[in-house]
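Novice: got a predicted structure here, sequence first:
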Amino acid sequence: MSQAATFEILGLRRGYGGGWRLDLPAIEVRQGEFLAILGPTGAGKSTLLRLLHLLDEPEAGRLVFEGIPIPFPAPLEIRRSIGMVFQRPLMLTGSVRDNIAYGLKVRRQREGSRVEEMLHRFDLEHLAPRDARTVSGGEMQRLALARALASRPRVLLLDEPAASLDPGHAAVVEGIIRDAHREDGTTIVLATHNLGQARRLAQRVGLLASGRLVEIGETEDLFTQPRQPLTAAYLRGELLTEEPADS
Amino acid sequence: MLEVIRLTFVVSGIALAISSALGIPVGAWLGLRRFSGRGLVRALIYTGMGLPPVVVGLAVYLLLSRRGPLGGLDWLFTPAGMVLAQVVIAFPIVAGLTSAALEALDPELPLQVRSLGANARQEAVAMLRQARGGVIAALLAAFGGIISEVGAAMLVGGNIEGKTRVLSTAIVLETRRGEFATALALGGVLLILAFIVNAGLLRLQVTPRHPS
């Protein structure tokens, strides 16, 4: 594994009931890359993102972040270098501006200009004083992205960030994500079951099924020449849900 | 009369402040953390919420009496003793209702707050702000419970004029004397006092605050 890797996953396991929700022998997330994790509902995508965010503790295996093996509970400073947008973002009491400022505030960082920059960049200026819990679905998703990116995380984890949006809003969100990757050099891991979105955005794509990595490779290679029959079946739309559901 | 009102406000105000300082963190701990024995702690606190004030008064009386374990404090028949009794009544109400308010929030919220970079203390503060309505309701319930109770105030305070007489014990005394008009007037004052405090707390419940 290369020292430049953002994440190295080694024999990582996370269970539920009597089995493994996630069982990953070895995966690397490269620094600055855009990796999409595809998989049916219940494949373990959300579980993987929570492990990468160091919010959940693996039951076995090792997670190495930027060359440092992570102990659990994970050090706050390392956790703070990772941001995440959840599939169903929840807003804190207060305004849109307050929500964007929150991550900076807890880090004791200056808020003013960065918050204004994020409001402008995410086209939220007109909503700045509004109660964050009253904005629409598309606005909330933009706000969730702005909130996660305000503190300049080195890694951004995205859990189905446009799943609940109509195509127009989804395209806007995709554009924002693409810019965050290109302009800020943020390493991005996107969990999605949207094949088109993964193909449009990601440099590499992996397929998770039943908590295991079926295949990982360059985006076009995986879409045009899948090596595994399961990948081919998924791309044909034949593998849509699994039990247990986790996302 | 003014002295009775002042003492009522001071005793119940201090008791509410102490109960909040202890009960809100305990409620947050109970509502946000999962640990072994949590069910037992919660059952004990919920039981405490239903304690009859007169039983609390009796227990505190025995604690503070000359031969009791806290007899050396010399707090029996003093406002300090009354505050202690009211804290015993109010603390489980604040802790129990705060914990219930936090448990009613979306279970994914703590995770999302941590995801934004909050440490454990910042997470607890953010969650309490999210549950502010419930926390204020807890304070209202606790204040309502202690300002109107008679049993503990009577047993521990002794209803001594100019020293430990509060509105609720004064109402009992005036009723026993057959001075119903005075008792009713004192009851009206008690209601106004409770209304003023509740209105202040309700204002906090609806005023938007910065989430931190």
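Specialist: Received, thanks.
Novice: in chain B, which helix or strand is least confident?
Specialist: Ranked by mean pLDDT, DSSP states H and E, the weakest helix or strand in chain B is helix B:180-206, scoring a mean of 88.
Novice: for chain A, same thing?
Specialist: The weakest-scoring helix or strand in chain A, judged by mean pLDDT, DSSP H and E, is strand A:19-30 (a mean of 86).
Novice: what's it packed up against?
Specialist: Packing contacts for strand A:19-30, counted by 3 or more C-beta pairs under 8 Å, 6 or more residues apart in numbering or on different chains; DSSP states H and E, involve strand A:5-16, helix A:45-52, strand A:187-192, strand A:212-218. Backbone N, C-alpha and C define where each C-beta goes, glycine included.
Novice: so it versus strand A:212-218, what angle?
Specialist: Counting by axes from the mean of the first three to the mean of the last three C-alpha atoms, to 10 degrees, strand A:19-30 lies at 20 degrees to strand A:212-218.
Novice: who does the helix or strand just after strand A:19-30 pair up with?
Specialist: Following strand A:19-30 in sequence order, the next helix or strand is strand A:34-38 (DSSP states H and E). Partner strands and pairing direction for strand A:34-38 (DSSP bridges) are strand A:187-192 (parallel), strand A:204-209 (parallel).
Novice: pLDDT score assigned to residue 7?
Specialist: In the absence of a named chain, this looks at chain A. A:Phe7 is assigned 95 on the pLDDT scale.
Novice: that was the other one, I meant chain B.
Specialist: 93.
Novice: check which helix or strand covers it.
Specialist: Using DSSP H and E, B:Leu7 falls in helix B:2-32.
Novice: which residue ranges of chain A form helices?
Specialist: Assignment of helices within chain A using DSSP state H yields the ranges A:45-52, A:76-79, A:96-106, A:112-121, A:137-149, A:167-184, A:195-201, A:219-224, A:229-235.
Novice: now chain A against chain B: closest residue?
Specialist: A:Leu92 (3.7 Å; C-beta to the nearest C-beta).
Novice: show me the contacts for that residue.
Specialist: A:98-99, A:102, A:132, B:113, B:126, B:129-130, B:211 (C-beta atoms under 8 Å, 6 or more residues apart in numbering or on different chains).
Novice: related to what we said a few turns ago, with respect to A:Glu59, which of the helices of chain A lies nearest?
Specialist: Nearest to A:Glu59, of all the helices of chain A, is helix A:45-52, at 10.2 Å by C-beta to C-beta.
Novice: helices and strands around the closest one, which ones?
Specialist: Helix A:45-52 packs on strand A:5-16, strand A:19-30, strand A:155-159, strand A:187-192, going by 3+ C-beta pairs under 8 Å, 6+ apart.
Novice: just put the ones you listed in TSV and tack on distance to B:Ala181.
Specialist: TSV is the format used below for these (distance: least, C-beta to C-beta, whole Å):
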stretch	distance to B:Ala181
strand A:5-16	69
strand A:19-30	72
strand A:155-159	68
strand A:187-192	73
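Novice: could the ones you listed go into a markdown table alongside mean neighbour count?
Specialist: Putting the helices and strands packed on helix A:45-52 into a markdown table (neighbours: other C-beta atoms under 10 Å in any protein chain shown) gives the following:
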| stretch | mean neighbour count |
| --- | --- |
| strand A:5-16 | 19 |
| strand A:19-30 | 18 |
| strand A:155-159 | 24 |
| strand A:187-192 | 25 |
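Novice: looking at the ones you listed, which is closest to A:Pro58?
Specialist: Closest among those, using C-beta to C-beta: strand A:5-16, at 5.0 Å.
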